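Enquirer: sequence-free structure coming up:
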């Protein structure tokens with residue numbers, strides 16, 4: 001055929017610019033019209049061992065053989081070898097980029113799940129504190145357990161007057177954390193939990 005280099009048995013070829021192997025058969029076949037090239041591949045990415053539909057055209061290891069029409073085969077010379085090498089490197093680069101993207105995506109999802117878990121845990125703690133504040137709020141009323149904030153505080157030797165709470169404490173000017181104010185509110189508790 002015009003424009004195509006002559007192929008000989010044993011020549012190293014590239015199939016469709018992807019797979020590389022050695023020519024083991026050239027000629028017509030019973031399975032299709034035209035000129036076919038039987039190639040023994042370098043890797044087991046083929047479909048047979050040289051035998052198709054009970055007819056053997058050449059012999060190689062199982063899954064190393066493939067037949068390609070003549071126009072799909074290019075003889076390897078320095079130019080085609082370089083082009084094949086570049087294509088192979090590009091495919092490898094693309095595969096690495098895809099793998100990197102998958103790793104980044106999975107890591108991002110893991111971080112988001114961890115952050116969501118932290119937020120849910122913090123929300124649950126905040127809800128528990130809010131419930132405790134409602135149940136044991138500074139009052140003299142009895143809770144179902146028979147305890148009140150007043151009786152618990154008195155038993156612990158703590159003043160039940162909110163204005164006295166924390167009066168003996170001094171906060172350094174450099175302190176940048178949350179400041180607790182009394183009476184406790186959900187916003188104050190959230191600020192403390194956020195700081196933790």
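Expert: Okay, I see it. Keep in mind that this is a model prediction, so the values were computed, not measured.
Enquirer: Measure how far the helix or strand where residue 91 lies is from the centre of its chain, please.
Expert: Residue 91 is part of helix 78-135 when elements are defined by DSSP states H and E. In terms of CA atoms, centre = their mean, to the nearest Å, the centre of helix 78-135 is found 5 Å from the chain centre.
Enquirer: Please work out the average pLDDT along it.
Expert: The average pLDDT within helix 78-135 is 79.
Enquirer: what does stretch 177-192 give?
Expert: 75.
Enquirer: now swap in stretch 33-52 and tell me
Expert: On average, the pLDDT along stretch 33-52 is 93.
Enquirer: Any chance you could list what contacts it?
Expert: By CB atoms under 8 Å, 6 or more residues apart in numbering, the list of residues contacting stretch 33-52 from outside reads 7, 13, 15, 19-29, 31, 56-70, 72-73. Where you see a C-beta, it was placed from the backbone N, CA and C, and this is true even at glycine.
Enquirer: Looking at these, which are in strands?
Expert: Judged by DSSP state E, those include 13, 15, 19-27, 56, 65-69, 73 as members of strands.
Enquirer: picking up where we left off before, give me the helices and strands touching the helix holding residue 91, please.
Expert: When contacts are defined as 3 or more CB pairs under 8 Å, 6 or more residues apart in numbering; DSSP states H and E, helix 78-135 sits against helix 186-195.
Enquirer: Of the contacts of stretch 33-52, keep whichever come out buried.
Expert: Buried subset of those (neighbour count, 16 or more other CB atoms under 10 Å): 7, 13, 15, 19-26, 29, 57-58, 60, 64-68, 72-73.
Enquirer: In contact with residue 8, which residues are there?
Expert: By CB under 8 Å, 6+ apart, the residues touching residue 8 are 23, 26.
Enquirer: Look up how far residue 190 lies from it.
Expert: 81 Å (CB to CB, to the nearest Å).
Enquirer: orientation of the helix holding residue 91 relative to strand 19-27 in degrees?
Expert: Taking axes from the mean of the first three to the mean of the last three CA atoms, to 10 degrees, one finds that helix 78-135 is oriented at 140 degrees with respect to strand 19-27.
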